[in-house]
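[1] Predicted model, plus sequence, below.
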Amino acid sequence: MAAKDLYEKDLYSILGVKKSDDAAAVKKQYRKLARELHPDKTKGDKKLEEKFKSVSEAYEVLSDDKKRAEYDEMREAFKGGRIPQGGPNFGGGGGFQGADFSDLFGGGSQDIFGTIFGAGHGPRRGQDLAAATTISFRDSIYGTELDLKLAPQGGKANSVTTRIPGGINDGAKIKLKGRGGKGPAGPGDLFVTVNVVKHPVFSRNESNLLMTLPVTFTEAALGADIKVPTLDGDEVTVRIAPGTPSGRTLRVKGRGVKKGSTAGDLMITLEVKVPQRVDGAAKKAVEAFADATKDFNPREELLKKANS
């Protein structure tokens, strides 16, 4: 590019940034404009295509510290009249005698996706791909190996085998480096979203497993030792103390989500269940119990607090 053409272009205005803006601001603005002006959106509009080219040329200079400094110095020299507005050889003052500024622009405009997806100048990486898979709650806790069937648009279907790590959260994304689309500078990456099916008994909070354990009124009132299922497939015995209320949570250490050498706990919330119908001997027994405990008022403290 001729020096005159270069100095007459205000690259900062073309890109919509200030001369004082740093590299991060320049990059942010370029990405914004490049997305707006990409040919997929402009659909053959020649004016917008030219604008896209100008924006790309401006960014190629302003994103490079060395090229940006050379451009600033050259432009100030022209403004100050230190360099004649002539051809490629410039007599007179300044450090630009015989200067050729074509190297400031390298190969000219570049495809926006080369910058947005990190390829920079030169050949681009292949396109990053996205996929989703669904696994069981048990597999999310212990980990599993999956064969993912991928069928890129317009491409040949292929299979990718990957290991899903134990303890993965619902909605988490895993990155498979180099398993995306092919490109001159190497393949892109594959990002897999992992969805976890809810379990009918267990749920999870961080490294702890949670469950609700139904118990009878007599077990809660008199106390009991109860066998509880675990996600491992075996059972553990928990002791319920006499007079345990509904909603109390018991902890079984080390029976939660394992991560390395540590493991969370199994948190068991008790839920006292009462029969829907009580008759016969059971009804008489409950009536006798009610008579024997008539002085007990579970709402006494509630009433005091409500009237305080």
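    Structure's in. What do you need?

[2] which one's the longest helix in this structure?
    Secondary structure assigned by DSSP state H gives helix 46-62 as the longest helix of the chain.

[3] Next secondary structure element downstream of that one?
    Helices and strands here follow DSSP states H and E; after helix 46-62, the next one along the chain is helix 65-79.

[4] Dump the C-alpha coordinates for stretch 176-186 into CSV.
    Extracted as CSV, the C-alpha positions of stretch 176-186 are listed here (Å, rounded to 0.1, in the frame of the first residue of the first chain):
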residue,chain,number,x,y,z
LEU,A,176,-12.2,-32.7,23.8
LYS,A,177,-9.2,-31.1,22.3
GLY,A,178,-8.7,-31.6,18.7
ARG,A,179,-11.9,-33.5,18.1
GLY,A,180,-13.7,-30.7,16.2
GLY,A,181,-13.8,-29.8,12.6
LYS,A,182,-10.7,-30.1,10.4
GLY,A,183,-8.7,-27.0,9.3
PRO,A,184,-5.4,-26.0,7.7
ALA,A,185,-3.9,-25.1,11.0
GLY,A,186,-5.3,-28.2,12.8
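
[5] Tell me which residues of it come out buried.
    By 16 or more other C-beta atoms under 10 Å, the buried positions in stretch 176-186 come out as Leu176, Arg179, Gly180, Gly183. C-betas here are computed from N, CA, C, even on glycine.

[6] The residues you listed in strands, which ones?
    Secondary structure from DSSP state E places Leu176 of these in strands.

[7] Tell me where the stretch 101-250 of the chain has strands.
    Counting by DSSP state E, counting those that start in this stretch, the stretch 101-250 of the chain has strands at residues 129-135, 144-150, 158-164, 172-176, 190-196, 203-205, 208-216, 224-229, 235-240, 249-252.

[8] picking up where we left off before, could you export the buried residues of stretch 176-186 as TSV, including pLDDT?
    Shown next, in TSV, are the buried residues of stretch 176-186 (pLDDT from 0 to 100):
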residue	pLDDT
Leu176	87
Arg179	81
Gly180	79
Gly183	80
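
[9] what's the closest of the buried residues of stretch 176-186 to Pro214?
    When the buried residues of stretch 176-186 are ranked by distance to Pro214 (C-beta to C-beta), Leu176 comes first, at 42.9 Å.

[10] isn't the closest one right next to Val192, touching?
    Yes. In terms of C-beta atoms under 8 Å, Leu176 counts as a neighbour of Val192; the distance is 6.6 Å.

[11] can you list residues touching both of the two?
    Thr162 (C-beta atoms under 8 Å, 6 or more residues apart in numbering).

[12] what's the closest of the buried residues of stretch 176-186 to Tyr71?
    Nearest to Tyr71 among the buried residues of stretch 176-186 is Gly183, at 30.5 Å by C-beta to C-beta.

[13] ok so, going back, nearest to Ala69, of the strands of the stretch 101-250 of the chain?
    Across the strands of the stretch 101-250 of the chain, Ala69 has its closest neighbour in strand 172-176 (36.7 Å, C-beta to C-beta).

[14] ok, and what's touching that closest one?
    By C-beta under 8 Å, 6+ apart, strand 172-176 touches Val160, Thr162, Ile164, Pro165, Ile168, Asp189, Leu190, Phe191, Val192, Thr193, Val194.

[15] Apply 10 Å and report the result again.
    By C-beta atoms under 10 Å, 6 or more residues apart in numbering, the residues outside strand 172-176 that reach it are 128-133, 140, 148, 160-165, 168, 189-196.

[16] okay, the angle between it and strand 158-164?
    Angle, strand 172-176 to strand 158-164, by axes from the mean of the first three to the mean of the last three C-alpha atoms, to 10 degrees: 120 degrees.
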